[in-house]
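[1] the sequence and its predicted three-dimensional model are supplied below.
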Amino acid sequence: MFKASVLTVSTRGSAGKREDESGPIVSEILKSIGIETVSHEIVPDDKAIIKEKLIALSLISDLIITTGGTGLTPDDVTPDATVEVIEREIPGIAEAMRAEGLKKTDRAMLSRAVAGVYRETLIINLPGSTKAVRENLAVVTGVIPHALEKIKGSHEDCARTIGCEHR
């Protein structure tokens with residue numbers, strides 16, 4: 001069973017001035033695909049703190065989902081912190097979420113969310129609204145288990161792939 005951490009990025013939420021509604025939704029959706037949430041934390045919109053948490057959570061998680069901080073305000077620094085941590089970007093994940101979002105609102109093109117791999121941990125940024133969390137996760141939940149298997153080094157499909165170096 002894969003283990004996930006949820007990192008909600010909200011200055012107001014971390015100060016106890018706003019309830020985190022999106023983080024529990026992430027955990028609920030991940031549970032429905034067999035992924036256990038082992039950590040749920042709320043941090044302020046601070047790039048250094050976000051980076052530190054992503055690195056620390058990667059030690060206990062196969063998957064880290066962030067919520068919040070993906071927009072255009074000066075405080076929206078989650079993607080910037082994520083890019084500084086990940087070793088390999090997976091642009092298709094963020095592109096797929098934006099493409100699906102554009103079917104509902106033109107504001108989806110303003111999302112700066114990114115996804116990538118740090119060591120053996122998949123990190124995916126989501127917006128902070130509960131509606132956007134549900135919509136974006138619906139786009140990627142089908143590929144998350146496969147992505148995690150590949151990140152961990154599975155070569156199961158290799159025997160059928162021409163030119164695969166892991167036969």
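    That came in fine, so what should we check first?
[2] going forward, measure contacts and count neighbours with C-alpha atoms only.
    Will do.
[3] which SS state does S154 fall under?
    On the three-state scheme (DSSP: H, G, I helix; E, B strand; the rest coil), S154 is labelled coil.
[4] tell me how far stretch 12-21 lies from the chain's centre.
    Averaging C-alpha positions (C-alpha atoms, centre = their mean, to the nearest Å) puts stretch 12-21 20 Å from its chain's average.
[5] what's next to it, contact-wise?
    In this structure, residues lying in contact with stretch 12-21 by C-alpha atoms under 8 Å, 6 or more residues apart in numbering are T8, I42, V43, P44, T130.
[6] for the chain, what spans make up the helices?
    11-14, 22-32, 47-57, 78-85, 91-102, 130-140, 144-151 (DSSP state H).
[7] between these, which gets nearest to L72?
    Closest to L72 of the helices of the chain is helix 78-85 (C-alpha to C-alpha; 10.6 Å).
[8] packing partners for the closest one?
    Applying 3 or more C-alpha pairs under 8 Å, 6 or more residues apart in numbering; DSSP states H and E, one finds that helix 78-85 contacts helix 47-57, strand 115-118, strand 121-126.
[9] turn these into TSV, columns for mean neighbour count.
    Below are the helices and strands packed on helix 78-85 laid out as TSV (neighbours: other C-alpha atoms under 10 Å):
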stretch	mean neighbour count
helix 47-57	17
strand 115-118	23
strand 121-126	27
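[10] on that earlier part again, out of the contacts of stretch 12-21, which is most surrounded?
    Greatest neighbour count in those, by other C-alpha atoms under 10 Å, goes to T8: 31 neighbours.
[11] out of the contacts of stretch 12-21, which sit inside strands?
    Secondary structure of those is defined by DSSP state E; positions in strands are T8, I42, V43.
[12] and these, which is closest to V114?
    Proximity of the ones in strands among the contacts of stretch 12-21 to V114 (C-alpha to C-alpha) peaks at T8, which lies at 15.1 Å.
[13] test my guess that that closest one contacts D45.
    No. Using C-alpha atoms under 8 Å, T8 is not in contact with D45; the gap is 9.5 Å.
[14] still on that earlier bit, of the helices of the chain, which is nearest I65?
    helix 22-32 (7.7 Å).
[15] quick one: that closest one to strand 121-126, angle?
    Following axes from the mean of the first three to the mean of the last three C-alpha atoms, to 10 degrees, one obtains 130 degrees for the angle between helix 22-32 and strand 121-126.
[16] where does helix 22-32 sit relative to the chain's centre, distance-wise?
    Counting by C-alpha atoms, centre = their mean, helix 22-32 comes out at 12 Å from the chain centroid.
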